[in-house]
Structure formats: C-alpha cells, structure tokens
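> for reference, the sequence and a predicted model appear below.
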Amino acid sequence: MALAESIDTARTDAPARRRRWRLGNASLASPLVVTLALTTLYPLVALVALSLSKSTLGKPLRDWAGIANFTRVLGDPAFLASLWRSAAFAFPMAAVELVLGLALALLFHRLVRAGRVFTSLALLPLMTPPVMVGVAWKLIFAADGGLLNGWLRAAGLIDAPMSFLGSSSWAAVAIVVADAWQWTPFVALLCFAAIKGLSEEVMEAARLDGATAWQRFRHITLPLLVPTLAAVFLLRLVMAFKLFDLVYVLTFGGPGFDTTTSGFQIWRLAFEQFDVGRAAAATLVFVGFVSLVIWPASRAARRLEARYT
Amino acid sequence: MTLAAHPARPQAPHRWSWIDLVAVLVAAAFLLPLAYLLSVSFKSPDQVLSGSFLPEAPTLANWPAAFGATALTRFIVNSVLTAVLGGVVTILIALPAAYACLRLDKAGERLVSIAFGSFVAPPIVAAIPFFFLLKAAGLLNSVVGLALVYGLTNVPVALWLLMPFLRRIPREIEDAAAIDGAGPLVTLVRVIAPLVAPGIAATAIIVVILGYNEFLFASVFTFADETRTLTVGISLFQGDRLVNFGQMAAASLAGIAPIYLIALLAQRWLVAGLTEGSVK
C-alpha cells in the first residue's frame, strides 16, 4: 500500500520534477552562456567598434573613422598576401600531418607491444610548448651551429653554412617541419585508436582470402578510417590557422614578410605599432577569410563522414 | 615482433625486419630535436657554433646561468599558477555545462555547437578585445587575469573532451537519483562525476598543459617579470641580437620538465582523453 502510494505521488509529481530538472540543468549551463558571451559575442562587438574608430592600445575609440581602417587593410598588399600565406601554411601542414600520422598509426599497430612505448614517445612532441618546439628546431636549422648545417658539412655536401631561416622557401619548410613534428603524433594517436577499434574478423577473412597487405589497407582499413581521417584533417586545419608561436620563434615573420601569416601581421599591427583600429579591421577580415575557407572544408568532411559510416 | 599480432600462433623467435628499422628511425625523429636541445644545454657558447651533435667538452655552466640570467624560477611558478588556476576555472564551467547540455536537447545542442564554432577562431581574434577587457577589470599584467583568460578560452576544448565520456552514462542512473529527490547538481557531483572521473582527470590535465604551453595571450597580457610565464621568458632569450643558445636550451628543458613528468605519470589517462572523442 505504502509503495503504491509513493509510486502514485512520484507519477503525479513527474511533470513538476521534470520542470525542476530542466531549470536545474539550465542553471548548470548558464556559466557556459556567460563564457560564450565573453569569448565570442564580446570580442566580435569590440572588434567591430574598434575597427570603425581611430584607436590605439593606450587610447581606444578616440575618434570615428568610418570604413577607413577597412579600406587601408584591404588595400594593403602585404596583408592580403598574409591571408593567402595563412592558407598556404594551413593546408599543406594538415595534409602532411594526416598522411604521416596515418602511416605512423599503422606502424604503431604493426609493432603491437612496442606500440605502447611509441605512444609515450608520441606524447613528448604533443606536450612540448610550441615556443620550445620552435627553439629546438631553430637550433637545428640555425646558420651558426645548427645541427643540419653541421651534418651537411660533415657529409661534404656544403662548404659554407646555409642560412635556412634566412631563405624564404627554407624558412617556410622549417615552420612546416616543426609543426609536423609537434602534431603528427597527435594525428597518429587518433588514427591508432580508430584502427584498434576496427573489427579483426574482417581482416582475418580478407587475409584467408589471400588479400595482400596493400589490398587489405586499400579496400578495408582505409575506407573504414575515412570518417576519422576527415574529422582529424578538419581539426588540424582549424588549428593550423592559429599558427603563431612557431612563426614568432623561428622566423619572426621573415625573411622580410615571407613567413608572416595574418595572425602574426595582426599581432604586429596591434602590439608593435599600437594601431588597434587597423588591427581590429584586419582581424575581422581574417575571421571572415578563415570562416570562408573552413566552411566548405567542414561540409566536405561531414559529407565524407556520412558517406563512409 | 610482427607475428605477435596473432596471439593464436606460437611465438616465433624475433626476427629483425624492415619495420623495426622504420620504427627506430621514427623514434629517432621523435627524439632528435629534444636530444639536440639537451646537448646544446651542455655546450659553451663556442661549442654551440660547431654544430656537432654532442658537446665536445660538456659544461654545466648554462644551467645555473639560465636561472641567473632571467627570473626563470618565477616564470615557472607563474606558469604553474596560471595553468592550474585556469584549469580549475575551465573544469568548473565545462563539466556542469557538458552534463546539462546533454540533457537540454535542442538548446543544449545549439550551445555546444556555438562553443565548438568559437574554437575555429584563431586566438589572435580575442587578443585585442581581451586586452581592453582585462584593462577595464584591472587584471592586465596579472596572474589572475591571464588564468581567467585561459579558463574561459579552453572551455570549448574541455567540452569536446568531456562530452564523449558523459554520453556513455545511461540516463537510468540519474532517474534513480531523481526519484530519491536529488537535483541535477547533486546528481552530477554525487553520481555522475565519480563515474567519469578518468575523463575529468584527462581533461583537467590537458587544459592545464594547454595553459602552461600558451604563448600569445601571455606575451600580450603580461609585461613584468612578476607576471610573465615560462613561454614568454623563453622568448626573451631571443631579445638580444646575440642569442645565448646554451642558456636558452637549459631554460627550455627546465621548463618542460614538469610537463613531461605529468605526461609520463598520467600517460594512460591522457591517451584515453585525447582519443575518446574521435573514436566512433
């Protein structure tokens, strides 16, 4: 009797309880709403206001400037070049890391027990602050006392030290190499986890049917991994547009402006030249550019994910 | 080694194959930059110029010098403080939100997608607005201000890491808690959090490391030795025309050491945390 009664009250209370829970959940999520207001809404509003004004770091919003900042930014060939450069770094970086990371994951898988040792090794680059990744690779690429120059000279390939970071194309390569060293292990860990999740039975069946290792990879492993690969590529692409620390440490945007990405250019405008109005306009253009590039890439990735799952 | 993939077959004696060679080369590639960094930290300024892999006459001088040349100890302490404080803020915001968003259906989904969308924006986008926000709040050039920035900006990452763990918890568990009269907060703290403790731990470690490693915000929002973090301190070694690579290497290694220690101790959690979201 008592039990039936309590079940009865529980039933009649259900809508009230559900409402109370919804309210409780909403209040648990409210700090997130505040966070998002501060990290997305506020910066956007502030940037728009600053971009339409004459502003310095010391004195923001000094005067109305109309669209003058935008015309200056869009008429600046150096800034437009930095936009393309940001994309020219992001896509090859993400692609190189995806291919190498997948290869590495397959290697981890083959090694089985030693794979665990490799997982620890893979964490090292991942956990290293990008600034220090830059320092480490700067030591390797340096003209004076760089390891690479030392080896090339020892091998008799060069007579005088080469200034890798002083050459436009080599400096760009150095940044990609350093970034790939840091992030390929991350891609490998994600791919490795996905490979481990694949069914062994299908593999065994294919093996019994006489499929070669390449055929098994090409027709079984690869198609099953497409959703993971698409998601990882997109993630890395997004992150590659954030490139800043490596540029700062390895090349400081040079030689000239040849490795200056938009992020670095905006930093210079705002925090070296204190021209905050122009930097804000440049930032908004950069945000638009990144969204324009990422949007189709994310749609393509989602379509790939859908097709292969 | 390769045969070990099929436990059903008897263990064959180990034969070296090309795959072992590849593995050794890969391991060398992982370690090379760090090994050279270590080597340079034992080189005198003259030896640095030689470009040899190992120091010819190893010297310990760089290590104490690195701590003497800059406020390195202070930088490391500041980094730890900002990273840990920021991590606490991130978890306090992200854990309840991740849990609540999963239960709020449409509205929750939209909130999470806004959070993930905000992750697309490069950090430089927030640098200028946050500068003025911190200035207005009197938190510019302070450890607390930087920690708050980390705490807020890492929330999307924490959500991304936490949600897969929370998704696995069956709803029946909290229905039982609800019948007992518990609200969402009590359920989260008493029932859910203990169940996803490994996920929370992994997420906490990862966001703390993200804070520790951050450079852009730290370089812009702090400008005195009392508040500078390690990454900024390291970049200061570059300030002069003549970089003292030996000291820079020693300072870098001293600074990475705590992170590597954490990575080593919490390895399994870290890998689980990083990969949980990607495996479908």
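Looks like it came in fine.

> only C-alpha atoms from now on, for both contacts and neighbour counts.
Noted.

> does the stretch of helix or strand A:Ala87 belongs to come close to chain B?
Element membership for A:Ala87 (DSSP states H and E) is helix A:77-111. Yes: Helix A:77-111 lies within reach of chain B by Cα under 8 Å from any Cα of the partner chain, at A:Leu107, A:Arg110, A:Leu111.

> make TSV out of these and add neighbour count, pLDDT and distance to A:Arg236.
Below are the residues of helix A:77-111 next to chain B laid out as TSV (neighbours: other Cα atoms under 10 Å in any protein chain shown; pLDDT from 0 to 100; distance: Cα to Cα, whole Å):
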residue	neighbour count	pLDDT	distance to A:Arg236
A:Leu107	21	88	21
A:Arg110	19	83	25
A:Leu111	21	81	26
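
> so who does residue 157 touch?
Going with chain A. Applying Cα atoms under 8 Å, 6 or more residues apart in numbering or on different chains to A:Leu157 gives no contacts.

> look at chain B instead
B:Val157 is in contact with B:Phe116, B:Phe119, B:Val207, counting by Cα under 8 Å, 6+ apart.

> what of B:Leu166?
Taking Cα under 8 Å, 6+ apart, one finds B:Ala98, B:Tyr99, B:Ile192, B:Val196 in contact with B:Leu166.

> residue of the stretch 151-300 of chain A closest to chain B, please.
Chain B sits closest to A:Lys242 of the stretch 151-300 of chain A, with a gap of 4.7 Å, by Cα to the nearest Cα.

> secondary structure element for the nearest residue in space to that residue that is not next to it in sequence?
Using Cα to Cα, 6 or more residues apart in numbering or on different chains and skipping residues adjacent in sequence, the residue nearest A:Lys242 is B:Pro122, 4.7 Å away. For B:Pro122, there is no helix or strand it lies in under DSSP H and E.

> ok, B:Pro122 to B:Leu274 distance?
Counting by Cα to Cα, to the nearest Å, the separation of B:Pro122 from B:Leu274 is 21 Å.

> now the helices: where do they sit in the stretch 51-200 of chain A?
Ranges of helices in the stretch 51-200 of chain A, per DSSP state H, counting those that start in this stretch, are A:68-74, A:77-111, A:114-127, A:130-141, A:147-154, A:168-196, A:200-208.

> ok, and which of the ones you listed has the densest surroundings?
helix A:130-141 (a mean of 25; mean count of other Cα atoms under 10 Å in any protein chain shown).

> which other residues reach it?
So helix A:130-141 is in contact with A:125, A:145-149, A:163-165, A:174, A:178, A:182, A:245-246, A:249-250, B:33-34, B:36-37, B:213-215, B:231, B:234-235, B:245, B:248-249, B:252, going by Cα under 8 Å, 6+ apart.

> ok and it relative to helix A:147-154, angle-wise?
Put simply, helix A:130-141 runs at 10 degrees to helix A:147-154, going by axes from the mean of the first three to the mean of the last three Cα atoms, to 10 degrees.

> from the middle of its chain, how far away would helix A:130-141 be?
Remark: helix A:130-141 is offset 19 Å from the chain centroid, using Cα atoms, centre = their mean, to the nearest Å.

> C-alpha coordinates for it, CSV please?
Taking C-alpha atoms only, helix A:130-141 is exported to CSV below (Å, rounded to 0.1, in the frame of the first residue of the first chain):
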residue,chain,number,x,y,z
PRO,A,130,55.1,25.3,-29.3
VAL,A,131,57.6,28.1,-28.2
MET,A,132,60.1,25.4,-27.2
VAL,A,133,59.4,23.3,-30.3
GLY,A,134,60.4,26.5,-32.1
VAL,A,135,63.6,26.8,-30.0
ALA,A,136,64.5,23.2,-30.6
TRP,A,137,64.1,23.4,-34.4
LYS,A,138,65.8,26.8,-34.5
LEU,A,139,68.9,25.1,-33.1
ILE,A,140,68.7,22.5,-35.8
PHE,A,141,68.1,25.0,-38.7
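
> can you give me the mean pLDDT across it?
If you average the pLDDT over helix A:130-141, you get 93.

> between helix A:168-196 and that helix, find me the angle.
Going by the same axes, to 10 degrees, helix A:130-141 makes 120 degrees with helix A:168-196.

> and the angle from helix A:130-141 to helix A:114-127?
Using the same axes, to 10 degrees: helix A:130-141 against helix A:114-127 is 100 degrees.

> any idea how the chain splits into domains?
Since no chain was named, I'll use chain A. For chain A, automatic domain parsing gives the domain ranges A:2-51, A:69-308.

> please go with chain B instead
With domains defined by automatic domain parsing, chain B comprises B:3-63, B:71-236.

> related to what we said a few turns ago, can you put the helices of the stretch 51-200 of chain A in CSV and add distance to B:Val84?
Below are the helices of the stretch 51-200 of chain A laid out as CSV (distance: least, Cα to Cα, whole Å):
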stretch, distance to B:Val84
helix A:68-74, 39
helix A:77-111, 30
helix A:114-127, 16
helix A:130-141, 19
helix A:147-154, 36
helix A:168-196, 23
helix A:200-208, 42
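
> and the pLDDT for the residue lying closest to A:Leu74 once chain neighbours are set aside?
Using Cα to Cα, 6+ apart and skipping residues adjacent in sequence, the residue nearest A:Leu74 is A:Leu80, 6.9 Å away. For A:Leu80, the model assigns a pLDDT of 95.

> any part of the longest helix along chain B near chain A?
As assigned by DSSP state H, the longest helix anywhere in chain B is helix B:72-103. Yes: applying Cα under 8 Å from any Cα, one finds helix B:72-103 touching chain A at B:Ile93, B:Ala94, B:Pro96, B:Ala97, B:Ala98, B:Ala100, B:Cys101, B:Arg103.

> give the contact list for the second one.
Residues counted as contacts of B:Ala94 (Cα under 8 Å, 6+ apart) are A:Leu32, B:Val155, B:Pro156, B:Ala158, B:Leu159.

> do that again at 6 Å, thanks
B:Ala94 is in contact with B:Val155, B:Leu159, counting by Cα atoms under 6 Å, 6 or more residues apart in numbering or on different chains.

> where's it relative to B:Ala178, distance?
B:Ala94 is 22 Å from B:Ala178, by Cα to Cα.

> and A:Ser167, how many neighbours?
16 (other Cα atoms under 10 Å in any protein chain shown).

> which one is it nearest to, not counting chain neighbours?
A:Pro255 is the one closest to A:Ser167 (Cα to Cα, 6+ apart), at 6.5 Å.

> am I right that that neighbour is in a helix?
No: A:Pro255: not assigned to a helix; according to DSSP: H, G, I helix; E, B strand; the rest coil it is coil.

> got phi/psi on it?
phi -70, psi 140 (degrees, to the nearest 10).

> and for it, the neighbour number?
16.

> next one: B:Arg190
13.

> repeat that for B:Glu214.
For B:Glu214, using other Cα under 10 Å, the count is 22.

> returning to what we had before: my read is that the residue of the stretch 151-300 of chain A closest to chain B contacts B:Val120, right?
No: contact criterion Cα atoms under 6 Å: A:Lys242 and B:Val120 do not qualify, at 8.8 Å.

> the residue lying closest to B:Glu276 once chain neighbours are set aside and chain A, how far apart?
In space, and not counting its chain neighbours, B:Glu276 is closest to B:Pro164: 6.4 Å by Cα to Cα, 6+ apart. For B:Pro164, the distance to chain A equals 14 Å [Cα to the nearest Cα, to the nearest Å].

> next: B:Thr70.
Per Cα to the nearest Cα, B:Thr70 is found 16 Å from chain A.

> got it, and B:Leu34?
Counting by Cα to the nearest Cα, the separation of B:Leu34 from chain A is 7 Å.

> residues near that residue, how many?
Neighbours of B:Leu34 (other Cα under 10 Å): 21.

> so how far is stretch B:204-222 off the chain centroid?
In terms of Cα atoms, centre = their mean, the centre of stretch B:204-222 is found 8 Å from the chain centre.

> hmm, I typed the wrong one, I wanted stretch B:154-171.
17 Å.

> stretch B:107-118 too?
23 Å.

> what residues sit buried inside that stretch?
Neighbour counts over stretch B:107-118 (16 or more other Cα atoms under 10 Å in any protein chain shown) mark B:Gly108, B:Leu111, B:Val112, B:Ala115, B:Phe116, B:Ser118 as buried.
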